[in-house]
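Asker: Give me a 3D structure for the following:
(2 chains)
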Amino acid sequence: MLGTPLGTRDYALEEAEAYSRLERELERTFRLWGYREVRTPCLESLEVFSKTIGPRAVDRAFKFQDYDGKLLALRAEGTAPTARLFAASLLNGPRPCRLFYIAKAFRFATDFPGDYREFSQAGAELIGSGDPSSDAEVIALSIDALEGLGLGPRGLRVDLGHANLIKEAISSSLGEPERELALDLLRRRDLGGILNLFERKGLSRGAYDSIARLLRCRRADEFLAMDFPIANERTREMLRGFSKVIEEAEGYGIGDRLFLDFSLIRDLEYYTGAVFEISIEGIGMPVGGGGRYDGLVGKFCGTDIPAVGFALNINRLMEGVGPGSVKGDRPKRVLIKSRDRRGAIEIARALRGKGFAAVVSLERNCSMSKGPDSEGFDFLIVPGPGGSVRVMDLRDGSVEESTLEGLLAGLGGGGFE
Amino acid sequence: MNRRIRLAIPSKGRLHGPSIDIMSRAGVEIYPKGRSYLSETSDPSLEVLLARAKDVPLYLHYGAADLGITGYDLIVERGAELYELLSLPYGECKLVVAAPEDSGIRSIEDVKPGSVVATSHPRTASKFFEGLNKDVRILELEGSIEVAPRLGLADLVVDISSSGETLRRNGLRVICPILESTAKLACNKVSYRASQDRIDSLVKRLEEAVRVMGHEGPPRQGAG
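Answerer: The predicted structure is shown next:
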């Protein structure tokens, strides 16, 4: 039996339906917040990623040659292509510009079964504003999108960090080779390792302490009340901007979902300011993340345009949510059995017009009974003489006599459950 | 959110005893329950999952366990992205490249392209040789790596060594270290964020235990 390649999987029937519902719910929230859809190709010039997402992430892109020898990549993530599209087509439009996409992305991953090489992202990007209120808006949108899926009560939280604050604090103390090592230790939150490194380099305990205090700080109010001795103008400026993002986020009433984690380092290198990851209790990996990327659009149009956004990993959400738990809009399914095919086709057409999923049985046997062909249906209809119909509710086996009109009224209108 | 924190501890091997010991020093007694894979502890908010040290990074990666004790070499080998909250003072070892004394391989430069490398750390070994632009073939073995060259299975090995004694006894010479490892308390990132206060308090108690052990001299160690 031929399966799918490593890091990919099939979704069938209920699972595929749940997948689509999840995408539709996310899309609905994005639209309600005034974000408009963009679609970019699965194939991009490798350059779109090589000059934006950083070597770690580019290493993991699927790369190959076009017929003419140009280097291409499968979409490795959604933000860089959206920035490219903005620079190419929307540069002269109104700003700020609010965009969203739901698209597949492809990356080499470890061979852990839960790490997908093909995955779907639902992303939103707010381009053209550097105001902290735009950071707060996208964070609040990410929370609203997940609350819309019913995930609010499941320990939904956003952890907020800064792409450059700790890096700046570390680079001002350490030289180039140690800097990489320190960032690696930071990524693993190995405070003991960082302390050892600082001691080996003969740095003051104070330099380590201010970094350790930042790393231990978890609550926004704690952070706002803190006085940091990280003494240089750039880090002070970053701290000021970061505090404003937190204050603006409070305005959305999401304070109780917002936590700080300054060891949060995103794999993508285009981030320049606040960065965040979104987690749900019971799903072992973050379900999404994002942040500010003020230099990214400029890579495609030459002028820096501030922007901020995020993406949710739909496959991971699917794992956590499972089929059936996303609010459904599955139409009721009706099977029509009749020797009079023309009549059955008419009934099916009338039912579809009312929003039912209607199937005309291909079997010649027209008995009013459950069978293998009625599996997965909610109702079985067998038309009788003179416009009468018999309807079996397949969920409880009850049978009723009616007319087509009576049936359409009796099955509950729109047909969606 | 007062879900129990699940701590994965090596069920056997050289990390098992010292891990039980250090948890006890941190005030957590583990009560194994028959054949159940989960054990109660003296701390009602903490349960223990006994698992193979090699599998602990995987459990943590998925969030099947929140916290775990395992070797740093195993975290690197599994490629798991975890928080490494504390280095523990046992399980010290090195992952090294070693070659038969009579092979003429004295340094990494002497390794010929196409050489076969026996190891139980295939990912780390591949990365190491790739980084040096050395084209080698990796032979993954589960144990007794050190006998592979004598059996004609491999030209050299990438293996764990505590004192170098096992390698020497098998006629192997260390030619290059790859990484230094120790036992680590590692943590799933989402779990850490969700339960930081409780996890930090356990880390603090373990840190104190590590400090006290430092004053007592070297901890007891299994042979390696």
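Asker: pretty sure A:Glu23 belongs to a helix, no?
Answerer: Yes - under DSSP: H, G, I helix; E, B strand; the rest coil, A:Glu23 sits within a helix.
Asker: Not counting its neighbours along the chain, what's nearest it?
Answerer: Nearest in space to A:Glu23, with sequence neighbours left out and distances taken as C-beta to C-beta, 6 or more residues apart in numbering or on different chains, is A:Ile102 at 5.3 Å. C-beta here means a position set from N, CA and C on the backbone, and glycine is covered the same way.
Asker: For the one you found, grab phi and psi.
Answerer: Dihedral pair for A:Ile102: phi -130, psi 110, per degrees, to the nearest 10.
Asker: Report how many residues lie close to it.
Answerer: The number of residues packed near A:Ile102 is 20, by other C-beta atoms under 10 Å in any protein chain shown.
Asker: got the phi/psi numbers for whatever residue of chain A ends up closest to chain B?
Answerer: Evaluated by C-beta to the nearest C-beta, chain A has A:Gly284 as its residue closest to chain B, separated by 2.1 Å. Dihedral pair for A:Gly284: phi -70, psi -10, per degrees, to the nearest 10.
Asker: Just want to check the distance between it and B:Arg6.
Answerer: Separation of A:Gly284 from B:Arg6 (C-beta to C-beta, to the nearest Å): 11 Å.
Asker: Quick check: end-to-end length of stretch A:272-285?
Answerer: For stretch A:272-285, the first and last residues are 23 Å from each other (C-alpha to C-alpha, to the nearest Å).
Asker: Okay, buried residues for that stretch please.
Answerer: Buried residues in stretch A:272-285, counting neighbours by 16 or more other C-beta atoms under 10 Å in any protein chain shown, are found at A:272-281, A:283-285.
Asker: Turn the residues you listed into a markdown table, columns for distance to A:Ile314, pLDDT and secondary structure.
Answerer: Compiled in a markdown table, the buried residues of stretch A:272-285 are given as follows (distance: C-beta to C-beta, whole Å; pLDDT from 0 to 100; DSSP: H, G, I helix; E, B strand; the rest coil):
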| residue | distance to A:Ile314 | pLDDT | secondary structure |
| --- | --- | --- | --- |
| A:Thr272 | 26 | 95 | coil |
| A:Gly273 | 26 | 95 | coil |
| A:Ala274 | 24 | 97 | strand |
| A:Val275 | 21 | 97 | strand |
| A:Phe276 | 18 | 97 | strand |
| A:Glu277 | 16 | 97 | strand |
| A:Ile278 | 13 | 97 | strand |
| A:Ser279 | 15 | 94 | strand |
| A:Ile280 | 13 | 92 | coil |
| A:Glu281 | 19 | 86 | coil |
| A:Ile283 | 12 | 88 | coil |
| A:Gly284 | 17 | 88 | coil |
| A:Met285 | 13 | 90 | coil |
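Asker: of all those, which two lie farthest apart?
Answerer: Distances among those were taken as C-beta to C-beta; the most separated pair is A:Thr272 and A:Glu281, at 30.2 Å.
Asker: ok, and the closest non-adjacent residue to A:Tyr208?
Answerer: Nearest one to A:Tyr208, counting by C-beta to C-beta, 6+ apart, is A:Phe198 at 4.5 Å.
Asker: Run through the residues that contact the one you found.
Answerer: A:Phe198 sits next to A:Ser173, A:Arg205, A:Ala207, A:Tyr208 when contact means C-beta atoms under 8 Å, 6 or more residues apart in numbering or on different chains.
Asker: Please tell me how far the helix or strand where it lies is from the chain's geometric centre.
Answerer: A:Phe198 is located in helix A:191-200, with elements delineated by DSSP states H and E. The chain centre lies 36 Å from the centre of helix A:191-200; the measure is C-alpha atoms, centre = their mean, to the nearest Å.
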